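S.K.: build me a model from this:
(one chain, ligands or ions: 1)
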Amino acid sequence: MAPPKYRGAINNGFQFSIGVGALSANLINFGTEKIKGEWGWRVSLAMAAIPAFILTLGALCLPETPNSLIQRYDTHHKAKAMLQRVRGTAQVDTELEDLIAASILSKITQHQRPFKCILKRKYRPQLVMAIAIPFFQQVTGINVIAFYAPLLFRTIGLGESASLMSAVVTGFIGTSSTFVSMLIADKLGRRTLFMIGGAQMLISQVMIGGIMAVKLGDHGSVSKGYAYMVLVLIGVYVAGFGWSWGPLGWLVPSEIFPLEIRSIGQSITVAVSFVFTFIIAQTFLSMLCHFKAGIFFFFGGWVLVMTGFVYLFLPETKSVPIEKMDQVWRQHWFWKKLSRKRGWTVWMTIRMMN
Ligand SMILES: OC[C@H]1O[C@](O)(CO)[C@@H](O)[C@@H]1O
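M.R.: Okay, here's the model as predicted:
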């Protein structure tokens, strides 16, 4: 639905909303903790109903997508009118033709089970990305910071309320950098942001690990100066994540699946993301006990791997219409061996009919 030129800006709004939500929740917890009696946690929990209510209201006003109108009706008047409405122009014929061609292709494969369909050789690049991207997003180690930041800050010697406040500050940094990503993802491109963010996260993780290893030892705390240096480096790391893997970890999967595997592809991405969020949250404390400062080198190692992976295997998707995305795989040095010229005949037939 988003115009290709602004797809990065609009889709990155998803992670931005997650950030705003998490930050608001932290601030609410910070405030409700001070309520006397046993009401604090109840108020905090009940307030989760407010965004849910807004979402429900919003869903009532959501327009249909041109794609779903094409798939559900035999004539395409409604889809054309909707496309004209969302694009703000009457000149939508070329895009409509591409959407119809994609829909015809998806119908050809619709009788197959979705899992069987995405396992086909020609969808291998999309399947690899559907699994690798959310996995990598989680092994940046972001949730170690997101979940345990106050504990981490206390460990290095900041006081209780300074630790809570520092977590709020990093929340602000993450949300603001994701906002920056909304502004620049369609100009700089996804790959450049992955590279910048990756380098930023790697350098800050190595420095934090180094300071913790040398200055903290197994017990005790670091001096105030070093504690604040760690705080600044965590800010640098969170900003790196905030404009790269945070939003792009959702954006890229949302733009690479052709219609016939879009639902299954997106479901795999979200499931992999939640599974690894859970695993990291459950294993972090025992990993910290075993690895100690080495935990930062552990996640830093993954950041190195994922940055290399993006450099070698992820094609640039900036401004490419989703219906034409198969071309980027066909031109990619590695994936071109796998992706055949899908839909070429159907697309040409429709072009010639008009
Ligand atoms: O959305 C991807 C990830 O980004 C965070 O919200 C942190 O900003 C994580 O909690 C989540 O796993």
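
S.K.: can we go C-alpha only for contacts and neighbour counts from here?
M.R.: Fine.

S.K.: give me the low-pLDDT residue ranges for this protein?
M.R.: Scanning the chain for pLDDT under 70 picks out 109-111, 160, 163, 217-221, 339-354.

S.K.: what parts of it come near the ligand?
M.R.: Within the chain, the residues that sit near the ligand (CA under 6 Å from any ligand atom) are 15, 18, 19, 143, 246, 277.

S.K.: buried among those residues? Make that a PyMOL selection.
M.R.: In PyMOL, a selection of the buried entries from the residues of the chain next to the ligand looks like this (16 or more other CA atoms under 10 Å):
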select buried, resi 15+19+143+246+277
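
S.K.: tell me where the stretch 151-300 of the chain has helices.
M.R.: Ranges of helices within the stretch 151-300 of the chain are 160-188, 190-211, 224-243, 245-256, 259-291, 294-313, based on DSSP state H, counting those that start in this stretch.

S.K.: quick one: closest of those to residue 115.
M.R.: Counting by CA to CA, residue 115 lies closest to helix 259-291 out of the helices of the stretch 151-300 of the chain; the figure is 7.0 Å.

S.K.: for the ligand, give me its nearest residue in the stretch 51-200 of the chain.
M.R.: residue 143 (5.3 Å; CA to the nearest ligand atom).

S.K.: coming back round to it: deepest of the helices of the stretch 151-300 of the chain, which one?
M.R.: helix 245-256 (a mean of 25; mean count of other CA atoms under 10 Å).

S.K.: looking at the residues of the chain next to the ligand, which is nearest residue 191?
M.R.: The shortest approach to residue 191 among these belongs to residue 246, at 13.6 Å (CA to CA).

S.K.: how much space between that closest one and residue 13?
M.R.: Counting by CA to CA, to the nearest Å, the separation of residue 246 from residue 13 is 11 Å.

S.K.: same check on residue 161?
M.R.: With CA to CA as the criterion, residue 161 and residue 13 are 31 Å apart.

S.K.: so which strand or helix has the residue of the stretch 51-200 of the chain closest to the ligand?
M.R.: Using DSSP states H and E, residue 143 falls within helix 142-155.

S.K.: what's the angle from that helix to helix 294-313?
M.R.: Relative orientation of helix 142-155 versus helix 294-313 (axes from the mean of the first three to the mean of the last three CA atoms, to 10 degrees): 150 degrees.

S.K.: end-to-end on stretch 309-328?
M.R.: 17 Å.

S.K.: which strands or helices does the helix or strand harbouring residue 59 pack on?
M.R.: Applying DSSP H and E as the criterion places residue 59 in helix 49-61. Judged by 3 or more CA pairs under 8 Å, 6 or more residues apart in numbering; DSSP states H and E, helix 49-61 is in contact with no other helix or strand.

S.K.: in CSV, list the C-alpha atoms belonging to whichever helix or strand comes after it.
M.R.: Following helix 49-61 in sequence order, the next helix or strand is helix 66-72 (DSSP H and E). Only the C-alpha atoms of helix 66-72 are listed here, as CSV (Å, rounded to 0.1, in the frame of the first residue of the first chain):
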residue,chain,number,x,y,z
PRO,A,66,-5.9,-2.4,-3.6
ASN,A,67,-4.3,-5.8,-3.4
SER,A,68,-7.1,-7.4,-1.3
LEU,A,69,-9.7,-5.8,-3.6
ILE,A,70,-8.1,-7.3,-6.7
GLN,A,71,-8.0,-10.7,-5.0
ARG,A,72,-11.6,-10.6,-3.8
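
S.K.: contact partners of helix 66-72?
M.R.: 1, 76, 78, 79, 80, 82, 83, 99, 100, 103 (CA atoms under 8 Å, 6 or more residues apart in numbering).

S.K.: mind giving me the PyMOL command for buried ones among the residues you listed?
M.R.: Buried members of the contacts of helix 66-72, defined by 16+ other CA under 10 Å, are picked up in PyMOL with:
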select buried, resi 76+79+80+82+83+99+100+103
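
S.K.: now the contacts of helix 66-72 as TSV including distance to residue 327 and secondary structure?
M.R.: Shown next, in TSV, are those (distance: CA to CA, whole Å; DSSP: H, G, I helix; E, B strand; the rest coil):
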residue	distance to residue 327	secondary structure
1	20	coil
76	26	coil
78	29	helix
79	25	helix
80	25	helix
82	26	helix
83	23	helix
99	15	helix
100	17	helix
103	17	helix
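
S.K.: got the contact list for the residue of the stretch 151-300 of the chain at minimum distance from the ligand?
M.R.: Closest contact between the stretch 151-300 of the chain and the ligand, by CA to the nearest ligand atom, is at residue 246 (5.1 Å). Contact analysis of residue 246 by CA under 8 Å, 6+ apart lists 15, 137, 178.

S.K.: if you skip the residues just before and after it, what's nearest to the second one?
M.R.: By that I understand residue 137. Excluding its sequence neighbours, the residue lying closest to residue 137 (CA to CA, 6 or more residues apart in numbering) is residue 245, at 5.6 Å.
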